[in-house]
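Visitor: any chance you could fold what I've pasted below:
(one chain, ligands or ions: 1)
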Amino acid sequence: MNMENNLKPCPLCNSTENLMVYAEWLPDKKPNGHEVGVVECTNQSCPMIIRAITVEEAVRKWNKRPREDFLTEQNKALAEQLVIDEIIENDLRAKLADAINALEHYANYDFSEKPDAWAGTVAIETLAKIKAESVTR
Ligand SMILES: [Zn+2]
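Guide: Sure thing, here's the model as predicted:
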(Lines give C-alpha, C1' and ligand atoms only; values in the text may rest on other atoms or scores of the structure.)
Protein backbone atom coordinates (compact mmCIF):
# COMPACT_ATOMS: atom_id res chain seq x y z
CA MET A 1 0.00 0.00 0.00
CA ASN A 2 1.33 3.39 -1.04
CA MET A 3 0.72 5.40 2.14
CA GLU A 4 0.57 8.87 0.61
CA ASN A 5 -2.43 8.11 -1.59
CA ASN A 6 -3.56 4.75 -0.18
CA LEU A 7 -2.68 3.08 -3.45
CA LYS A 8 -2.29 -0.63 -3.93
CA PRO A 9 0.88 -1.69 -5.79
CA CYS A 10 0.93 -1.40 -9.57
CA PRO A 11 -1.13 -4.30 -11.00
CA LEU A 12 1.43 -4.81 -13.78
CA CYS A 13 4.88 -4.39 -12.18
CA ASN A 14 3.94 -4.48 -8.47
CA SER A 15 5.82 -1.22 -7.82
CA THR A 16 4.81 0.88 -4.81
CA GLU A 17 7.50 3.52 -5.24
CA ASN A 18 6.79 4.92 -8.71
CA LEU A 19 3.13 5.77 -8.51
CA MET A 20 1.88 9.25 -9.33
CA VAL A 21 -1.55 10.70 -8.70
CA TYR A 22 -2.48 13.93 -10.47
CA ALA A 23 -5.12 15.92 -12.31
CA GLU A 24 -4.54 16.38 -16.02
CA TRP A 25 -6.06 18.93 -18.34
CA LEU A 26 -7.17 17.48 -21.65
CA PRO A 27 -7.82 20.08 -24.37
CA ASP A 28 -10.27 17.85 -26.27
CA LYS A 29 -14.06 17.53 -26.24
CA LYS A 30 -15.62 20.49 -24.36
CA PRO A 31 -14.83 24.00 -25.69
CA ASN A 32 -12.07 24.62 -23.17
CA GLY A 33 -11.11 21.02 -22.56
CA HIS A 34 -11.70 19.19 -19.33
CA GLU A 35 -9.84 17.87 -16.30
CA VAL A 36 -9.34 14.19 -15.58
CA GLY A 37 -7.87 12.30 -12.63
CA VAL A 38 -4.85 10.12 -13.30
CA VAL A 39 -2.95 7.39 -11.50
CA GLU A 40 0.22 6.45 -13.31
CA CYS A 41 3.06 4.03 -12.74
CA THR A 42 6.26 5.82 -13.73
CA ASN A 43 8.38 2.72 -13.39
CA GLN A 44 10.43 2.50 -16.59
CA SER A 45 8.94 0.12 -19.17
CA CYS A 46 5.65 -0.15 -17.26
CA PRO A 47 2.73 1.24 -19.28
CA MET A 48 0.16 1.23 -16.45
CA ILE A 49 -1.99 4.36 -16.35
CA ILE A 50 -5.60 4.92 -15.34
CA ARG A 51 -7.67 7.99 -16.15
CA ALA A 52 -11.07 8.80 -14.69
CA ILE A 53 -13.49 11.69 -14.25
CA THR A 54 -11.86 12.72 -10.95
CA VAL A 55 -8.63 11.94 -9.10
CA GLU A 56 -10.66 10.11 -6.45
CA GLU A 57 -12.32 7.97 -9.12
CA ALA A 58 -8.94 7.19 -10.70
CA VAL A 59 -7.61 6.06 -7.30
CA ARG A 60 -10.76 3.95 -6.74
CA LYS A 61 -10.35 2.30 -10.17
CA TRP A 62 -6.62 1.75 -9.55
CA ASN A 63 -7.35 -0.03 -6.28
CA LYS A 64 -10.20 -2.13 -7.70
CA ARG A 65 -8.86 -5.70 -7.93
CA PRO A 66 -11.80 -8.10 -8.30
CA ARG A 67 -9.68 -11.17 -9.19
CA GLU A 68 -7.20 -10.45 -6.40
CA ASP A 69 -10.04 -9.93 -3.91
CA PHE A 70 -11.74 -13.14 -5.08
CA LEU A 71 -8.52 -15.16 -4.75
CA THR A 72 -7.79 -13.65 -1.32
CA GLU A 73 -11.27 -14.68 -0.15
CA GLN A 74 -10.83 -18.13 -1.70
CA ASN A 75 -7.43 -18.58 0.00
CA LYS A 76 -8.97 -17.57 3.32
CA ALA A 77 -11.76 -20.13 2.90
CA LEU A 78 -9.27 -22.85 1.91
CA ALA A 79 -7.06 -22.06 4.93
CA GLU A 80 -10.12 -22.33 7.21
CA GLN A 81 -11.10 -25.64 5.57
CA LEU A 82 -7.55 -26.93 6.08
CA VAL A 83 -7.79 -26.19 9.81
CA ILE A 84 -11.15 -28.00 9.96
CA ASP A 85 -9.71 -30.97 8.03
CA GLU A 86 -6.76 -31.15 10.45
CA ILE A 87 -9.10 -31.10 13.44
CA ILE A 88 -11.20 -33.91 11.92
CA GLU A 89 -8.10 -35.89 10.96
CA ASN A 90 -6.63 -35.53 14.46
CA ASP A 91 -9.98 -36.61 15.93
CA LEU A 92 -10.07 -39.65 13.63
CA ARG A 93 -6.48 -40.53 14.54
CA ALA A 94 -7.33 -40.33 18.25
CA LYS A 95 -10.40 -42.56 17.75
CA LEU A 96 -8.36 -45.01 15.69
CA ALA A 97 -5.65 -45.10 18.38
CA ASP A 98 -8.34 -45.82 21.00
CA ALA A 99 -9.75 -48.61 18.82
CA ILE A 100 -6.31 -50.12 18.28
CA ASN A 101 -5.57 -49.99 22.01
CA ALA A 102 -8.90 -51.65 22.80
CA LEU A 103 -8.33 -54.36 20.21
CA GLU A 104 -4.75 -54.94 21.38
CA HIS A 105 -6.01 -55.34 24.90
CA TYR A 106 -8.68 -57.77 23.63
CA ALA A 107 -6.22 -59.63 21.41
CA ASN A 108 -3.76 -60.13 24.25
CA TYR A 109 -6.43 -61.43 26.58
CA ASP A 110 -6.11 -65.12 27.32
CA PHE A 111 -9.23 -66.82 25.94
CA SER A 112 -7.65 -70.30 25.80
CA GLU A 113 -9.57 -71.66 28.74
CA LYS A 114 -12.90 -70.18 27.65
CA PRO A 115 -15.25 -71.57 25.03
CA ASP A 116 -15.22 -68.31 23.02
CA ALA A 117 -11.50 -68.43 22.25
CA TRP A 118 -12.30 -67.73 18.58
CA ALA A 119 -13.10 -64.11 19.59
CA GLY A 120 -9.39 -63.53 20.23
CA THR A 121 -8.58 -64.66 16.69
CA VAL A 122 -11.24 -62.35 15.25
CA ALA A 123 -9.81 -59.47 17.29
CA ILE A 124 -6.27 -60.16 16.05
CA GLU A 125 -7.44 -60.25 12.42
CA THR A 126 -9.44 -57.04 12.85
CA LEU A 127 -6.50 -55.33 14.52
CA ALA A 128 -4.23 -56.32 11.62
CA LYS A 129 -6.74 -54.86 9.13
CA ILE A 130 -7.01 -51.56 11.02
CA LYS A 131 -3.23 -51.25 11.39
CA ALA A 132 -2.74 -51.93 7.67
CA GLU A 133 -5.36 -49.31 6.79
CA SER A 134 -3.94 -46.68 9.13
CA VAL A 135 -0.46 -47.12 7.61
CA THR A 136 -1.68 -46.64 4.01
CA ARG A 137 -3.43 -43.32 4.82
ZN1 LIG B 1 3.88 -0.52 -12.96
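
Visitor: quick one: the helix or strand that residue 92 is a member of to chain centroid distance?
Guide: Assigned by DSSP states H and E, residue 92 belongs to helix 66-107. Chain-centre distance of helix 66-107: 16 Å, with C-alpha atoms, centre = their mean, to the nearest Å.

Visitor: now do the same contact list for the residue sitting nearest the centre point of the chain.
Guide: Residue closest to the average C-alpha location in the chain (C-alpha atoms, centre = their mean): residue 75, at 1.9 Å. Contacts for residue 75 (C-beta atoms under 8 Å, 6 or more residues apart in numbering) come out as none. Quick note: C-beta positions are derived from backbone N, CA and C, even for glycine.

Visitor: gap between it and the ion?
Guide: Separation of residue 75 from the ion (C-beta to the ion, to the nearest Å): 24 Å.

Visitor: how much space between that residue and residue 5?
Guide: Distance, residue 75 to residue 5, by C-beta to C-beta, to the nearest Å: 26 Å.

Visitor: and residue 102, what pLDDT?
Guide: Per-residue pLDDT puts residue 102 at 77.

Visitor: what's the neighbour count on residue 47?
Guide: Neighbours of residue 47 under the rule other C-beta atoms under 10 Å: 9.

Visitor: give me the nearest residue to it, chain neighbours excluded.
Guide: residue 12 (7.2 Å; C-beta to C-beta, 6 or more residues apart in numbering).
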